[in-house]
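Q: Just to be clear, the model below is a prediction. Sequence and coordinates:
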Amino acid sequence: MRVPLSRLAHARSGDKGDIANIGLIAWSPERYPILLREVTAERVLQYFSDRVKGPVERYELPNLGALNFVLHRALGGGGTVSLRTDAQGKTLACALLGMEIELDERELAD
């Protein structure tokens, strides 16, 4: 079954210049291994391919049950120079929660 990440996690974000930072935090410790498996830097870059023009780095924070993504060249030059309607990281964090992943029904039942 396909489910949005919002069923497994919530997100926080930040931005500085043309770099966005997204923290993806599992709702429960049982969900963290699923995030590790399914939400790779490559997959995040592919998901945002129309917006992110640089690399995506992923940092694992197992003690928090979270992943941190740093998206380079993600904000159209940054808030003061971008022509985008909303050139802030919070928009990308919200959008990431809509990314769908494939799960076995048993994984969601835990």
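A: Great, that's in hand. Residues are numbered from 1 along each chain as shown.
Q: So Phe69, which state does it fall into?
A: Secondary structure, DSSP: H, G, I helix; E, B strand; the rest coil: Phe69 is strand.
Q: From Pro33, how far off is it?
A: If you measure Phe69 against Pro33 using C-beta to C-beta, to the nearest Å, the figure is 17 Å. For every residue, glycine as well, the C-beta is placed using N, CA and C.
Q: what about those two, which has more around it?
A: More neighbours surround Phe69 than the other of Phe69 and Pro33, with 26 against 13 (other C-beta atoms under 10 Å).
Q: thought that one was touching Glu60?
A: No. In this structure, Phe69 is not within contact of Glu60 by C-beta atoms under 8 Å, at 10.7 Å.
Q: which residues does Ala26 bridge with?
A: Assessed by DSSP bridges, Ala26 has beta-bridge partners Ala9.
Q: Go ahead and flag the most central residue of the chain.
A: Centrality entry for the chain: nearest residue to the mean C-alpha point is Leu96, 4.6 Å, by C-alpha atoms, centre = their mean.
Q: Next, the buried residues of stretch 2-10.
A: Residues 5, 8-9 are the ones in stretch 2-10 that count as buried (16 or more other C-beta atoms under 10 Å).
Q: Just the closest of those residues to Asp104, please.
A: Leu8 (13.1 Å; C-beta to C-beta).
Q: Distance check, the closest one against Glu42.
A: 19 Å.
Q: do Leu71 as well
A: Taking C-beta to C-beta, one finds Leu71 at 13 Å from Glu42.
Q: shared neighbours, the two?
A: Common neighbours of Leu71 and Glu42, counting by C-beta atoms under 8 Å, 6 or more residues apart in numbering, are Val56.
Q: With neighbour numbers in mind, choose between the two.
A: Leu71 (27 against 10).
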